[in-house]
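Undergrad: I would like the atomic coordinates for the input below:
(chains A, B, C and D)
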There are 4 protein chains.
Amino acid sequence: MIDMLAMGRQVLAMQGFSRLLGTELIGYGPEGVEMRLPLRDDLGQQNGFAHGGVISYLADNALTFAGGSSLGPAVLTAEYKINYLRPGVGTALVARATVIYAGKTSATCRCDVFSVLDDGTEKLCATAQGTIAKVG
Amino acid sequence: MIDMLAMGRQVLAMQGFSRLLGTELIGYGPEGVEMRLPLRDDLGQQNGFAHGGVISYLADNALTFAGGSSLGPAVLTAEYKINYLRPGVGTALVARATVIYAGKTSATCRCDVFSVLDDGTEKLCATAQGTIAKVG
Amino acid sequence: MIDMLAMGRQVLAMQGFSRLLGTELIGYGPEGVEMRLPLRDDLGQQNGFAHGGVISYLADNALTFAGGSSLGPAVLTAEYKINYLRPGVGTALVARATVIYAGKTSATCRCDVFSVLDDGTEKLCATAQGTIAKVG
Amino acid sequence: MIDMLAMGRQVLAMQGFSRLLGTELIGYGPEGVEMRLPLRDDLGQQNGFAHGGVISYLADNALTFAGGSSLGPAVLTAEYKINYLRPGVGTALVARATVIYAGKTSATCRCDVFSVLDDGTEKLCATAQGTIAKVG
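TA: Prediction:
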C-alpha cells in the first residue's frame, strides 16, 4: 500500500518555493488534500494581510496535489480560477482541495483556502477551481 | 504630475512577499504595467521549473497594479483566472498587464507572463484575466 | 413574507431567452436555486449533445439567481468560469447554485449542472464559479 | 486546399442550437474566427439587453472554432472564463477569437465579444479565455 502522505511530503520537500514559504502537507489521500502555511511578515502585502499571491500559490499547489491523487504524481496545473473572498489573516492559511471529476488525462478540482485565526477558528478566504493535467 | 512608476515602486517595496521574491517594477503608466522577477532555485517546483505559484503571484500582482492605474492605489484583485502554457524557465519572468475595461469601482485586466531566456528572448508561459476592485 | 420562488419565476418569465429555451425554476430560497431545462434537438451541437452554450447559459442564470437570493433582485453576473466535465445528455439539464460568500455589493457563487438521464438519475456535467454584482 | 470557412459553416449548420439562435460564421482561418449573432427580442433578459447566456454561448462557440483551427475539427471547449463588461445591445453581437497557444492536444484561446450598434460601431461587451481540447 502506498503511503500517499509520505510520498506527497517528499514531492513538497522537493519544491524550493514551498520550502521557502514553509508549506506543510497535513493530509493526503483519495478524499483530497490539506495544506497548511503558517503566516509571517514576509508573506504579506502592503496592508499586512497575506499577499494574494501566497493564497493563490497555496490553492494552486493544493489543486495539483488533489489532481495527483487521481492521476498519479506526474501532473501539473493546466489552469485555474480563484475568487478572493476575505483577507488572509491570522496564524496560518489552510487549503483543502478535492477532485470534482477525474478522467484519464485530466481532473477538475476545487479548493477552499481558509484563514486560521488565533483561537483556531477558520474563515473562508478564497475559493478556486481548476484543471490538473497528466504529464507525458 | 504623479510619477506612477515611483509610486508603484513604493507600494511594491511595502509588500513583504514581493521583497522576499525580489520582484521589480519595470514600467508603470496608463498604458499598463511591467514587472520582472529574476528566477532562482528557491522559486522552483520539483522539476526545476518556476513554481506555478510564482507565476500566479506575478500575474496577480501585475493585474492589481494595472487595475490601480485606472482606479487609484486602493485596489485589490477580486478574482482572476490563469492558463499555464509553457514551463517558467530562464533567467527571469516578466509580466505585462493592461486594462481591458475600467468602470468606476472595478476594472477587468489581462496579463501575459513570459520566460526570459538566457539570450534575452521571451516565451509566453502563462496568460491571465481578472477583476480588480476599488477598496472602501 | 416574500415568496422567492414566485418572484423568481416572474423574473425568469421576463427573460425572452429563457422562454425560448424553456427553462423552469424548480426551487429558490436562501439555501440556493435549482433550475431545469428539458433537452430537445434544437439545444444541441453537431454531435447530438447539449450545446456547451446551453450548459453555460443555465449555469450563468442559476449563478445570477443564487446571487440575487443574497443581494436582491437587481443583480447581474459580473464574471464566471465553467469546466465542462461530461457531455450534456438525457431528458433535461438541472443546475443547482449556492452562495459561497456574500458581501454588500457582490456575491461569489458556485453552480453544478447535471444531466438527468432517462431513468431519472443525474450525472454531473459541468461546474461553475462566479461573481454576482448588485446593480446601481 | 481546405476551405476552412465553408467547413466551419457546415459544422455550425449542424448545431441545432446555433440554428435556433441564428449565428453566422463570418470569417475562419489560421488567424482566428469571427462569428455574428443578430439580436432579437427572444435573445434578451428581463431588462432588454442580450442575455448573458447568449453572450457566453457566442464566446464559447468562437473559442471552440478558434481551437479547431489549430487542432482540427474534433474539438470541444474544456473550460473557459468570461468577464461581462458592458450590456449586450444594438443590432448584433460579434465574437472574435484567436489562439494564444496551441499544443498537440489542447489550445488556449481568447475571445472578445462586441455589441454592434445601429451605426455599425462596435463596443466591447465581454472578454473570455479558455481551453479547447482535441477529442479522441
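
Undergrad: in its sheet, what does the top strand by length along chain A sit against?
TA: Scanning chain A for the strand with the most residues, using DSSP state E, yields strand A:122-134. Sheet pairing of strand A:122-134 (DSSP bridges) gives strand A:75-84 (antiparallel), strand A:106-116 (antiparallel).

Undergrad: Could you give me the buried positions within it?
TA: A:122, A:125-134 (16 or more other CB atoms under 10 Å in any protein chain shown). In this view, the C-beta of every residue, glycine as well, is placed from N, C-alpha and C.

Undergrad: who does A:S106 bridge with?
TA: A:A133.

Undergrad: got any ranges where chain A has weak pLDDT?
TA: A:1-2 (pLDDT under 70).

Undergrad: Pick out whichever of the buried residues of strand A:122-134 sits closest to chain D.
TA: Closest approach to chain D among the buried residues of strand A:122-134 (CB to the nearest CB): A:T131, at 6.0 Å.

Undergrad: List, one by one, the residues from chain A near chain C.
TA: A:81, A:83, A:85-86, A:100-101, A:108, A:110, A:124, A:127, A:129, A:131 (CB under 8 Å from any CB of the partner chain).

Undergrad: Between those, which sits nearest A:F65?
TA: Lowest distance from A:F65 to the residues of chain A next to chain C (CB to CB) belongs to A:R110, with 12.9 Å.

Undergrad: Run a quick check on the closest one versus A:Q129, I expect a contact.
TA: Yes: between A:R110 and A:Q129 there is a contact at 5.1 Å, judged by CB atoms under 8 Å.

Undergrad: which neighbours do those two share?
TA: Overlap of the contact sets of A:R110 and A:Q129 (by CB atoms under 8 Å, 6 or more residues apart in numbering or on different chains) consists of A:100, C:127.

Undergrad: thinking again about what came up before, can I get the strands paired with strand A:122-134 in TSV with distance to C:N61?
TA: Below are the strands paired with strand A:122-134 laid out as TSV (distance: least, CB to CB, whole Å):
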stretch	distance to C:N61
strand A:75-84	19
strand A:106-116	21
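
Undergrad: okay, these, which one's buried deepest?
TA: strand A:75-84 (a mean of 26; mean count of other CB atoms under 10 Å in any protein chain shown).

Undergrad: after it comes which helix or strand?
TA: As assigned by DSSP states H and E, the chain's next helix or strand after strand A:75-84 is strand A:92-102.

Undergrad: Widest-spaced pair of the buried residues of strand A:122-134?
TA: A:E122 and A:K134 (31.8 Å).

Undergrad: Check the spacing between the residue nearest the centre of chain A and D:S18 real quick.
TA: Central residue of chain A (CA atoms, centre = their mean): A:A62, 2.5 Å from the mean position. Distance of A:A62 to D:S18, computed by CB to CB, to the nearest Å: 38 Å.

Undergrad: One more: A:V94?
TA: With CB to CB as the criterion, A:V94 and D:S18 are 45 Å apart.

Undergrad: So for these two, which sits in the more crowded spot?
TA: A direct count of neighbours by other CB atoms under 10 Å in any protein chain shown for A:V94 and D:S18 places D:S18 higher, at 25 against 20.

Undergrad: That one against D:A62, yeah?
TA: No: in this structure D:S18 lies outside contact range of D:A62 using CB under 8 Å: 11.2 Å.

Undergrad: For stretch A:38-57, list every residue counted as buried.
TA: Of the residues in stretch A:38-57, those buried (16+ other CB under 10 Å) are A:39, A:42-46, A:49-57.

Undergrad: Spatially, which two of those are the most separated?
TA: Top of the distance list for these (CB to CB): A:Q46 and A:Y57, 18.0 Å.

Undergrad: Find the nearest non-adjacent residue to A:G8, please.
TA: A:Y28 (4.1 Å; CB to CB, 6 or more residues apart in numbering or on different chains).

Undergrad: Got the phi and psi for that neighbour?
TA: Main-chain torsions, A:Y28, degrees, to the nearest 10: phi -160, psi 120.

Undergrad: how many neighbours does it have?
TA: Counted with other CB under 10 Å, A:Y28 comes out at 24.

Undergrad: who's it bridged to?
TA: A:V33.

Undergrad: quick one on the thing from earlier: go through the buried residues of stretch A:38-57 and flag which are in helices.
TA: A:52-57 (DSSP state H).

Undergrad: now these as CSV including distance to chain B?
TA: Shown next, in CSV, are these (distance: CB to the nearest CB, whole Å):
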residue, distance to chain B
A:G52, 5
A:G53, 3
A:V54, 6
A:I55, 9
A:S56, 4
A:Y57, 3
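
Undergrad: just these now: which is nearest A:D3?
TA: A:Y57 (25.2 Å).

Undergrad: what about the closest residue to A:I132 other than its chain neighbours, distance to A:G103?
TA: Once flanking residues are discounted, A:I132 sits nearest to A:G67: 2.4 Å by CB to CB, 6+ apart. As for A:G67, its distance to A:G103 is 11 Å (criterion: CB to CB).

Undergrad: repeat for A:A128
TA: Taken as CB to CB, the span from A:A128 to A:G103 is 20 Å.

Undergrad: A:N83 contacts A:T127, correct?
TA: Yes: between A:N83 and A:T127 there is a contact under CB under 8 Å: 5.5 Å.

Undergrad: okay, and the common contacts of those two?
TA: Common neighbours of A:N83 and A:T127 (criterion: CB under 8 Å, 6+ apart): C:100-101, C:108, C:129.

Undergrad: Going by distance to A:A13, which of these wins?
TA: Of these, the one sitting nearest to A:A13 (CB to CB) turns out to be C:Q129, at 31.2 Å.

Undergrad: Next up, the contacts around the closest one.
TA: A:81, A:83, A:127, A:129, C:80-81, C:100, C:108-111.

Undergrad: Can you tell me the closest non-neighbouring residue to A:A50?
TA: A:G88 (2.9 Å).
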